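1. Return atomic coordinates for the entry below.
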Amino acid sequence: MASFFKTLSDDMEKVAQVFEEGYQIMTGEATRMGEAPDATGATDMDDVLEDGNEDHINLEDIEEYGSPLMGMADSVMSDIMSHQIGPQTPMEQIQAFKAAITWSEPFIQCLLAFHVAIIVTAIILTKRGGTYTRMGFMILLGIIVRLAERMNVMGNSRWEEFATQNYFDKSGIFMGIMLCAPLLCVCFAMLFAMLREANNLLVDVKAMKIKAQQEQQKRKKTKQEKQRKKKD
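-> Model (predicted):
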């Protein structure tokens, strides 16, 4: 803990030093800092100082030639953020993802209800549906997964109409976890159930075939015994 506060104090000292040196540059007290500035940028800034004098420099001139504090402030802030500790373990990442979602909002609840309806439908079709019905349902889920990228783009542009925050980032993490992953799990579960049924059918067919062969052999033996009795 002591090392953390020490690092934080050092970073704050860096920030104060950067702003102090920037102030010196803007007032003309310093002309050089830790690294040599770009020759073209320094010449342009000197021209502004000479032509308009220091009292006549306005914000438009600074924006035109660029503030010398921008790059230095970004580097200092990146150094500060590099010391921040984020989620490290998978459990911490899951907890961070759960904390980032507002589970009480209607959009999330409707999405969860949609997945519940999909799971219930998949269970019913697995127990009572035919092969073609289940295949059609799996194809429908595949189409929804395929269109997830387009839905993510649409959601990113219109999220304010149905959500409290923008869940639709460019990488599609939310859509992948909250939409595609459950649908793919349902598809794999239905496919596994179909393969299991096919395996059971093959076993039953093989057993019936063996039983039929045994009955045929018994019939042959019975005929042979009858023929022997007739001869005797």
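
2. give me phi/psi at residue 104?
-> In this entry, residue 104 is assigned phi and psi values of phi -90, psi -10 (degrees, to the nearest 10).

3. how deep is it tucked in, by neighbour count?
-> 8 (other Cβ atoms under 10 Å). C-beta here means a position set from N, CA and C on the backbone, and glycine is covered the same way.

4. Could you check how far it is from residue 167?
-> As defined by Cβ to Cβ, to the nearest Å, residue 104 lies at a distance of 14 Å from residue 167.

5. if I look at residue 119, how far off is residue 177?
-> Counting by Cβ to Cβ - residue 119 and residue 177 are separated by 16 Å.

6. Let me fix that, I meant to ask about residue 134.
-> Computed with Cβ to Cβ, the distance linking residue 134 and residue 177 is 25 Å.

7. So for residue 162, what's the pLDDT?
-> According to the per-residue confidence, residue 162 scores 91 in pLDDT.

8. tell me, how many neighbours does it end up with?
-> Residue 162 has 11 neighbouring residues, counting by other Cβ under 10 Å.

9. Would you agree it is in contact with residue 107?
-> Yes - using Cβ atoms under 8 Å, residue 162 is in contact with residue 107, at 5.0 Å.

10. that older thread, between residue 134 and residue 177, point out the one with more neighbours.
-> Residue environment comparison for residue 134 versus residue 177 gives the larger neighbour count to residue 134, 18 against 13, counting by other Cβ under 10 Å.

11. Contacts for stretch 115-129, please.
-> Contacts to stretch 115-129, defined as Cβ atoms under 8 Å, 6 or more residues apart in numbering, come from residues 133, 134, 137, 141, 182, 183, 186, 189, 190, 193.

12. Return the alpha-carbon coordinates of it using CSV.
-> Taking C-alpha atoms only, stretch 115-129 is exported to CSV below (Å, rounded to 0.1, in the frame of the first residue of the first chain):
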residue,chain,number,x,y,z
HIS,A,115,-33.3,-16.9,-24.0
VAL,A,116,-35.7,-18.6,-21.6
ALA,A,117,-38.3,-18.9,-24.4
ILE,A,118,-35.6,-20.4,-26.7
ILE,A,119,-34.5,-22.9,-24.1
VAL,A,120,-38.1,-24.0,-23.4
THR,A,121,-38.8,-24.4,-27.1
ALA,A,122,-35.7,-26.4,-27.6
ILE,A,123,-36.6,-28.8,-24.8
ILE,A,124,-40.1,-29.3,-26.2
LEU,A,125,-38.8,-29.9,-29.7
THR,A,126,-36.2,-32.3,-28.5
LYS,A,127,-38.8,-34.4,-26.7
ARG,A,128,-41.7,-34.2,-29.1
GLY,A,129,-40.6,-32.6,-32.3
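
13. All further residue positions should be reported with the first residue as 12.
-> Renumbered: residue one is now 12, and that last one reads stretch 126-140.

14. Show me which residues of it are buried.
-> Going by neighbour count (16 or more other Cβ atoms under 10 Å), the buried part of stretch 126-140 is 126, 129, 133, 136, 137, 140.

15. Distance check, the fourth one against residue 110.
-> Using Cβ to Cβ, we find residue 136 at a distance of 36 Å from residue 110.

16. same question, residue 219
-> When Cβ to Cβ is applied, the distance between residue 219 and residue 110 equals 57 Å.
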